[in-house]
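1. pasting the structure only:
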């Protein structure tokens, strides 16, 4: 049973435009959400996170939005750059239990010139 | 070097062999994790550890063994490798309720 879902395996966006990556979760006990970026042959690197007490967190070009009632979060990248081309993983955890992360299946973002 | 390192980076082994993947972190993080990455499944948790000598199963623990005698090391052993264990394995570490930091991964092929 996939508790964190990324329903779009891939996304292509033009340079300078907005990239929107989506993530849905089913476990209502999740209260902390993270996005990781992964380049080929490298480990995932942390990008941005959001606690369930917030609905938005911004860091430069990256903004994460959380809609708790819909159990949905999204990552916005504005403006998109070619170096943003990577696989993006959404992850979630229940901060009350062991800090383990549950990951989605990933979305491959390609930013074209 | 500071950070989290995995070894080897690449490994080919035969079915039925025992193989150990190593993970070492220099931050003294309490938590350490092993994930495997497979197409269509994302990253799935194999085992994790909250501290030295404390380990627990994740989502896909069958066929794997871990130990954590020292805070900085968290080796993952495949006792009798199977083809279904061909994957990319990632080790990670974190403190409680912070982001996890990942190693570069070990690509394991079981033939």
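-> Received it, and whenever you're ready, just let me know what you need. Please read these numbers as outputs of a predicted model, since none were measured by experiment.

2. spatially central residue in chain B, please.
-> Closest to where the C-alpha atoms of chain B average out (C-alpha atoms, centre = their mean) is residue B:34, at 3.2 Å.

3. correct me if wrong: it contacts residue B:74.
-> Yes. Residue B:34 is within contact range of residue B:74, at 7.1 Å (criterion: C-beta atoms under 8 Å). For the C-beta atoms, the positions are set from N, CA and C on the backbone; glycine is no exception.

4. overlap of the contact sets of the two?
-> Shared contacts of residue B:34 and residue B:74, defined by C-beta atoms under 8 Å, 6 or more residues apart in numbering or on different chains, are found at B:23, B:66, B:91.

5. just give me the closest of the residues you listed to residue B:44.
-> residue B:91 (13.7 Å; C-beta to C-beta).

6. residue 20 - how many residues pack around it?
-> In the absence of a named chain, chain A is used. 17 (other C-beta atoms under 10 Å in any protein chain shown).

7. you looked at the wrong chain, it should be chain B
-> Neighbours of residue B:20 using other C-beta under 10 Å come to 14.

8. same thing with residue B:109?
-> Other residues close to residue B:109 by other C-beta under 10 Å number 13.

9. with residue A:86 instead?
-> 21.

10. please tell me how far it sits from residue A:100.
-> Residue A:86 sits 23 Å away from residue A:100, taking C-beta to C-beta, to the nearest Å as the criterion.

11. circling back: quick one: contacts for the residue nearest to the centre of chain B?
-> B:21, B:23, B:45-48, B:58, B:64, B:66, B:74, B:76, B:89-92.

12. rerun at 7 Å
-> By C-beta atoms under 7 Å, 6 or more residues apart in numbering or on different chains, residue B:34 lies in contact with B:46, B:47, B:66, B:76, B:89, B:91.

13. in the sheet, who's paired with whichever residue of chain B sits closest to chain A?
-> Proximity of chain B to chain A (C-beta to the nearest C-beta) peaks at residue B:102, 3.5 Å away. Here residue B:102 sits in beta bridges with residue B:92, going by DSSP bridges.

14. pLDDT at it, what is it?
-> Residue B:102 is assigned 97 on the pLDDT scale.

15. what is the burial count for it?
-> So residue B:102, with other C-beta under 10 Å, has 24 neighbours.
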